[in-house]
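J.: let me see the structure of the following:
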Amino acid sequence: MTIKQKLGAVQMATGPNVNANLCEAERLIKEAVDGGAKLVVLPENFAFMGKHDQDQLAQREPDGEGLLQTFLARVAKQQRIWLVGGTIPLVANDPSKVRAACLVYNDRGERVARYDKIHLFDVTLPGVDERYHESATIEPGEQIVVIDSPFGRLGVVVCYDLRFPELFRTLLDAGVEVLAIPSAFTAITGKAHWETLVRARAIENLAYVVAAAQGGFHLNGRETHGHSMIVDPWGTVLAQVPRGRGVICCAVDREFQESIRRNFPTIHHRRLHCTF
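T.: Numbers count the residues shown, from 1 in each chain. Okay, the predicted model is just below:
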C-alpha cells in the first residue's frame, strides 16, 4: 500500500445553475489534481442549491444514470483520481423526497460506493429566525460506508452527521482510517462548532479527515461557513480554505498514522462499544 498520497478538498459557493456549478467543480478538481491530489472531495450539494429545498426534486436522478452521475464518473476517469462526489439528489422510496447521496468513484471512473446521508438537519438556530427542515424533502439513509482505497480504509459521512460521534465509532469498528466529510455548515453553526467537531472526529478516531464545505453567500439567501480543512490523526489542521471558492491538498502519511495508533492506543483502550 502506498504510504503517502495527496488528498484534496474543494470549496464552493453553489447556486441554482447546474451547468455553471459543474463547470466550476471541474475547474476546481483540476486545480486540486495540479496540486498533486489523488483523491478529491467535493462539498455537499456541489451541483445544485436552489432557492427552495423542494427545488432539488426536479434535479433527482435514478440510481446509476443521469447528468450528475455521468459528470462524476467522467471527471474521475479523465483526471485519474478517486472522487468523493459531495452529495447529489437521487430517487427515494418516497416519491415526494430525494436521497442525499454521496457517490465515490475510483480512478477508472467506476462507482465503488454510495452513502446516503443518515442524520437530517431539522433545527431552529438559537438567537435568530433561521429554521431548517431537511426531512421534509430528504429521506434518510440507513447504512454506513467504509471501503478499501489506495489511501487506507475510507469512510464517508455528510455534514450534520458530524455531530454524532456514535456514527464515527461505528465507522472505526469497520476499520476507518480516512474520513471524507462533504458539508454545507451554516455560517452560524460553522463559526460555533465546525472546527471543533472536525478536529474532534480526527482525534477521537486517530484518523485523517478531509472536510469539504460550501463557503460563501448563496442566491437563496443562505450563508455557509466554509473553512474546508484537512486534519491529521493528532488533530492538527494541515490546510484550510477560509471563505469563497478554493482548493487545499495535503499528503496522508500512513506511517505517521500507524505510529500514533501504536504509541497512543486510545482506540484499543475503549471499554464501551456502540451498536448501530
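J.: can you give me phi and psi for the closest residue to residue 98 other than its chain neighbours?
T.: Leaving aside its sequence neighbours, residue 98 sits nearest to residue 89 (Cβ to Cβ, 6 or more residues apart in numbering; 3.8 Å). C-beta here means a position set from N, CA and C on the backbone, and glycine is covered the same way. Per-residue torsions, residue 89: phi -80, psi 120 (degrees, to the nearest 10).
J.: what's the burial count for residue 89?
T.: 24 (other Cβ atoms under 10 Å).
J.: any idea which helix is longest in the protein?
T.: Ranked by residue count and defined by DSSP state H, the top helix of the chain is helix 18-34.
J.: and that one, which residues are buried?
T.: 18, 21, 22, 24, 25, 28, 29, 30, 31, 32, 33 (16 or more other Cβ atoms under 10 Å).
J.: got the confidence number for the second one?
T.: This points to residue 21. Looking at residue 21, its pLDDT reads 98.
J.: report the contact partners of residue 149.
T.: 39, 82, 106, 112, 178 (Cβ atoms under 8 Å, 6 or more residues apart in numbering).
J.: that one pairs with what?
T.: Judged by DSSP bridges, the bridge partners of residue 149 are residue 152.
J.: contacting residues for residue 110?
T.: Here residue 110 is in contact with residue 73 (criterion: Cβ under 8 Å, 6+ apart).
J.: distance of residue 122 relative to residue 7?
T.: Residue 122 sits 31 Å away from residue 7, going by Cβ to Cβ, to the nearest Å.
J.: which one of those two has more residues nearby?
T.: residue 7 (28 against 13).
J.: residue contacts, residue 138?
T.: Taking Cβ under 8 Å, 6+ apart as the test, what residue 138 contacts is 92, 97, 98, 99, 100, 117, 120.
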